[in-house]
Every structure is written in C-alpha cells, then in structure tokens.
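Enquirer: Structure here, sequence nowhere to be found:
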Ligand code: NAD
C-alpha cells in the first residue's frame with residue numbers, strides 16, 4: 001500500500017485515482033477547479049464514464065480515496081505523486097505542457113523526504129528531463145525524488161476496465177528503487193501477471209505517442225479504404241470484417257466513420273509530427289493519417305450537402321455529439337466540424353446526445369438542444385447521425401420518416417439498415433457502403 005497524490009482530476013486523473021485506490025492504495029485526488037472537487041466531495045461525479053461512480057463511492061467510503069484543492073499538503077503527505085493534468089494542443093501543433101511545468105514547480109517547492117514523481121499525462125519525449133530540472137531548481141536541499149514516466153492507455157467509455165485490467169503497464173524508471181515502488185503501486189496487476197514493461201523514461205514517453213499514432217493511422221487507413229469502396233461499389237464493413245479476421249491485423253480500430261476525434265488522437269498525432277519535424281525526422285505515415293482524418297471530416301459535410309443542396313434556411317437534426325459513444329467528451333468530435341459548417345451556412349441545427357449536450361453547448365450555444373432522437377428529427381429537412389449510441393441503432397425507420405419533414409439521412413456510423421431506409425423511400429448516404 002502506498003500513499004499517493006494524483007494531480008489533475010479529469011478523465012485520466014479521476015479514473016486513475018479511483019483505480020489506484022481500488023488496488024488498496026491511499027489516494028488523494030487534486031484539482032485546481034474547486035467546483036469539481038466540491039462536487040466530488042458531495043459524492044457527485046463531474047464527468048460521464050460508465051462505472052466510475054461505483055468505484056469512486058466504494059473507495060471514498062473505505063477512506064482510501066479523497067479529494068482536495070490543497071496541492072501542497074497532499075504532496076507533503078504522499079510517497080508517489082502522479083501528474084495527470086491536461087496537455088492540450090497548442091496553436092503550433094505542439095503539446096502544451098504548461099500545466100505540467102506549473103505542477104512540477106509546486107512539487108519541487110513542497111518536496112520533503114524521498115518521493116516518486118510520476119507523469120501519467122501524455123507528454124513529448126524529453127519532458128521527463130525538463131520536469132526533473134524544474135523540481136531540482138525549486139526543491140529544498142533535503143528533498144529527494146526519482147522521476148518515472150507511466151503513460152496511460154485507457155479509453156474513455158471503457159476507462160475503468162482499461163485501468164483495472166490493462167493489456168500492459170509501461171514504467172519508464174531509471175532506478176531499481178523507483179521501479180520497485182511502482183510495482184508496489186500496481187501490486188494487484190503485478191500479482192496477476194499483467195505485463196509490466198520496465199524501460200527508460202524516453203522510451204516510455206515514446207511508447208504512448210507511437211501507440212496512439214498507430215491506432216489513428218489504422219482508423220485513417222480504413223477511412224481511406226471507405227472512399228475507395230464508394231468509388232468501386234464495394235462494402236467497407238465487409239472489407240474490414242474480413243481484414244480483421246487476420247490475426248496480424250485485428251478487427252479493432254477498423255471501423256469506417258466520420259473521422260477520429262477525442263482528446264487524444266488528434267492532438268497526439270500532431271504533437272508527434274511536430275516533435276519529429278523539430279529533429280528533422282519525416283514521419284510520413286503519421287502526417288498522412290492526420291491529412292486523411294481532416295479530409296474524412298470534410299467529406300461528411302460534402303455528403304450531407306449532396307443530400308440537401310445548400311444548407312441555408314434548412315433545419316438539420318444531429319444525432320450524437322460526443323466523439324464516440326459512452327462518453328460526454330466532445331473534444332475534436334466530428335460533430336463539431338459538421339455543426340460548424342451548418343451554422344456557418346445558415347442552417348437551423350437541432351441536436352441531441354444522451355450525455356454530451358451541455359459539453360457541446362460550450363462550443364455552440366446558439367443551436368437547439370433536444371432530449372430525445374424523436375424530438376430532434378421532428379420537422380427536419382435532413383438528419384446526420386454522428387455518434388453510434390445504442391439508442392440510435394434501434395431507431396424505428398417508420399417513425400423517423402413520419403416525424404421528418406423530408407426523409408434525408410446521413411449515417412456516418414453505418415448503423416441504420418440500408419434496406420429499411422430504401423423501403424421507406426429515404427434519400428440517404430453512409431460511409432463506404434453501396435446505397436443499393
Ligand atoms: P482533462 O482535461 O479531462 O483533465 C485535466 C485536469 O487537470 C483538469 O481537471 C484540470 O483542471 C486539471 N489541472 C490543470 N492544471 C492543474 C494544476 N495546476 N493543478 C491541479 N490540476 C490541474 O484531461 P484528461 O483527458 O484527463 O487528460 C489528461 C492527460 O492524460 C493528457 O495528457 C492526455 O493526453 C492524457 N490521456 C488522456 C486519455 C483520455 O482518454 N482522456 C487517455 C490517455 C492519456
């Protein structure tokens with residue numbers, strides 16, 4: 001059992017804090033947003049992540065998990081400090097690590113005894129060295145620390161499962177003491193023989209970017225194949241299914257759609273390309289994945305335009321705003337680009353997401369938010385499905401047609417039955433599948 005502080009109580013910090021406490025550690029989660037901490041202290045979860053409420057409540061009740069804004073005190077009371085603050089994309093494409101640097105200074109100022117300082121945020125290669133320098137410049141003479149890089153691979157929507165039963169844990173640590181401390185932090189995983197990869201700090205930092213960029217590349221690849229399918233009359237779903245049966249390929253991350261979004265793939269591919277360019281390495285495949293993804297998002301807008309003509313004055317329903325189902329995260333979601341184009345061209349937009357309406361409203365307060373798919377599609381000139389929530393998979397085509405003003409639908413997630421749409425006389429399009 002270790003005494004742990006997790007700094008940053010977002011999607012990664014809160015899940016990691018809850019998961020680490022579930023492993024038997026004593027964990028304090030810290031954030032600068034007081035509203036978030038107040039909610040957590042009232043047993044409320046500030047984000048939507050399936051299963052998170054249960055694991056948080058279980059561990060707070062057992063006094064293993066607590067929440068505070070008092071960073072200094074929690075640092076002083078802990079043996080292992082995890083940094084899990086955001087590292088968003090800056091204007092240049094580079095990862096903005098200013099929050100990591102701020103936190104590193106505070107850690108230095110509050111360092112007592114010997115501690116592990118561990119970065120879980122996704123940070124550019126070389127950040128470990130920089131964080132160590134900042135801590136060294138600010139720490140009292142008797143403060144000691146070992147730096148560890150422990151990138152996180154969880155996916156929003158299945159984050160609890162991913163954290164508690166990961167495929168692997170990567171630990172970049174340059175001393176045996178630091179590695180053994182981290183093994184203790186992850187003791188239940190170590191005991192059940194989850195692969196724990198001990199490597200250098202730089203290798204650990206690169207593993208995270210290399211993994212995310214590879215998955216982004218896989219999605220862009222199938223999205224590019226979807227264009228080809230449309231041109232030759234092939235079915236991308238069947239192509240992907242058959243490809244995925246090959247053990248070397250795997251069916252995961254092989255679903256054609258409107259282009260990847262979320263808080264990781266877009267920014268991490270950009271950050272990797274930026275980082276590589278700075279040292280004169282041309283990461284052609286990564287740059288191609290980025291370009292293909294931007295194109296795929298635009299291609300969806302063109303598809304809708306082909307169905308409706310000019311958007312001006314039309315009422316368009318958008319089903320799904322989150323970048324994927326089972327999350328309320330809308331960062332870089334394909335719906336943002338679609339709604340942006342619709343608003344710009346003067347359409348009236350009605351939108352609905354089971355969990356992400358309020359997050360989306362921060363970007364587009366001017367559109368109409370609905371509480372069900374039926375309310376959304378009512379009296380619309382066209383509808384676009386942008387996220388494959390289960391409740392959209394079971395949309396009754398008969399009711400859909402009766403509610404809409406004009407039966408036109410763009411299914412960017414290939415979840416509706418083409419036969420049903422044809423039988424009901426819809427004009428429709430999807431991604432990479434023949435329309436007849
Ligand atoms: P997030 O934006 O949801 O959360 C970051 C949190 O850090 C926020 O609550 C913010 O208030 C807090 N914070 C910022 N500065 C702080 C400070 N000085 N002190 C205390 N708290 C501070 O971000 P996230 O999605 O959880 O991602 C965190 C990191 O993990 C990023 O580097 C991201 O790339 C990486 N990551 C994210 C995912 C994911 O699926 N979201 C998966 C793996 C890795």
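Expert: Noted; the coordinates are in hand. The structure displayed is predicted, hence computed values, not measured ones.
Enquirer: Assumed residue 162 was part of a strand.
Expert: No. Using DSSP: H, G, I helix; E, B strand; the rest coil, the assignment for residue 162 is helix, not a strand.
Enquirer: That one reaches residue 169, doesn't it?
Expert: No. Between residue 162 and residue 169 there is no contact under Cβ atoms under 8 Å: 11.4 Å. Yep, even glycine has a C-beta here, placed from its N, CA and C like the rest.
Enquirer: ok, those two, which is more surrounded?
Expert: residue 169 (20 against 17; other Cβ atoms under 10 Å).
Enquirer: mind listing what the nearest residue in space to that one that is not next to it in sequence touches?
Expert: Nearest non-adjacent residue to residue 169, counting by Cβ to Cβ, 6 or more residues apart in numbering: residue 196, 4.8 Å away. For residue 196, the contact set (Cβ atoms under 8 Å, 6 or more residues apart in numbering) comprises 168-169, 171, 183, 186, 189-190.
Enquirer: Farthest-apart pair in the residues you listed, please.
Expert: 168 and 183 (13.6 Å; Cβ to Cβ).
Enquirer: These two: who's more crowded?
Expert: residue 183 (17 against 13).
Enquirer: Could you pull up the residues touching the more buried one?
Expert: Here residue 183 is in contact with 171, 190, 196 (Cβ under 8 Å, 6+ apart).
Enquirer: how close does the last one sit to residue 174?
Expert: Read that as residue 196. Taking Cβ to Cβ, to the nearest Å as the measure, residue 196 falls 16 Å from residue 174.
Enquirer: Then the second one?
Expert: Between residue 190 and residue 174 the distance is 19 Å, computed by Cβ to Cβ.
Enquirer: what's the answer for residue 309, then?
Expert: In terms of Cβ to Cβ, residue 309 sits 62 Å off from residue 174.
Enquirer: Repeat that for residue 316.
Expert: Using Cβ to Cβ, residue 316 is found at 55 Å from residue 174.
Enquirer: so how many other residues sit close to residue 136?
Expert: Using other Cβ under 10 Å, residue 136 is surrounded by 14 other residues.
Enquirer: For it, which non-adjacent residue is spatially closest?
Expert: residue 108 (7.1 Å).
Enquirer: Remind me which helix or strand that neighbour belongs to.
Expert: Following DSSP states H and E, one finds residue 108 within helix 98-109.
Enquirer: Might you enumerate the residues of the chain proximal to the ligand?
Expert: 7-13, 30-33, 36, 84-87, 99, 102-103, 121-122, 152, 154, 156, 263-264 (Cβ under 6 Å from any ligand atom).
Enquirer: From those, list the buried ones, please.
Expert: Neighbour-count burial (16 or more other Cβ atoms under 10 Å) is assigned, among those, to 7-13, 30-31, 36, 84-87, 99, 103, 121-122, 152, 154, 156, 263-264.
Enquirer: which non-adjacent residue is nearest residue 51?
Expert: residue 160 (4.2 Å).
Enquirer: can you map out the helices along the stretch 151-300 of the chain?
Expert: Here the stretch 151-300 of the chain has its helices, by DSSP state H, counting those that start in this stretch, at 159-164, 176-185, 187-191, 201-232, 236-244, 265-278, 284-308.
Enquirer: Relative to residue 43, how far out is the residue nearest to residue 169?
Expert: When residue 196 is compared with residue 43 (using Cβ to Cβ), they lie 33 Å apart.
Enquirer: How about residue 194?
Expert: 30 Å.
Enquirer: Looking at residue 316 and residue 174, which has the bigger crowd around it?
Expert: When neighbours are counted by other Cβ under 10 Å, residue 316 comes out ahead of the other of residue 316 and residue 174, with 25 against 16.
Enquirer: Residue 283 - how many residues pack around it?
Expert: 18.
Enquirer: Enumerate every residue touching it.
Expert: Neighbour list for residue 283: 213, 272-273, 276 [criterion: Cβ under 8 Å, 6+ apart].
Enquirer: Mind doing that once more with 6 Å?
Expert: 273, 276 (Cβ atoms under 6 Å, 6 or more residues apart in numbering).
Enquirer: now residue 353
Expert: 320-322.
Enquirer: Kindly report the same for residue 157.
Expert: 326-327.
Enquirer: switch to 10 Å and redo it
Expert: 11, 48-50, 262, 322-327, 329 (Cβ atoms under 10 Å, 6 or more residues apart in numbering).
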